[in-house]
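Undergrad: Provided below are the primary sequence and the corresponding predicted coordinates.
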Amino acid sequence: MDETTIDGVAMGRLAKALVFICGPAHLATVALQAAAASGSERDIKNARARFLKLKPGERKAALTMIAD
């Protein structure tokens, strides 16, 4: 994942992908859902950090699922 900013809609879609991949209670899923809902800088930073801590295969799968 590069350093570009992900908008709230993309974070919501990414959270839905992670529900399928990791489950609804996974910390990254919860963080992305919170960031998509609030849009606050703190939540976005937390969600990005949690997403980057996922296994590379999980990250790639989630990004592939939201690719248009």
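TA: That came through, no problem. Numbers count the residues shown, from 1 in each chain.
Undergrad: following the longest helix seen in the chain in sequence, what is the next regular element?
TA: Taking DSSP state H as the criterion, the chain has its longest helix at helix 8-21. Note on helix 8-21: by DSSP states H and E, the next helix or strand toward the C-terminus is helix 27-38.
Undergrad: that next one - what's its average pLDDT?
TA: In this model, helix 27-38 has a mean pLDDT of 96.
Undergrad: could you say what helices and strands it packs with?
TA: Contacts defined by 3 or more Cβ pairs under 8 Å, 6 or more residues apart in numbering; DSSP states H and E place helix 27-38 against helix 8-21, helix 41-52. C-betas here are computed from N, CA, C, even on glycine.
Undergrad: so which elements touch the shortest one?
TA: The elements that helix 41-52 packs onto, with contact taken as 3+ Cβ pairs under 8 Å, 6+ apart, are helix 8-21, helix 27-38, helix 56-66.
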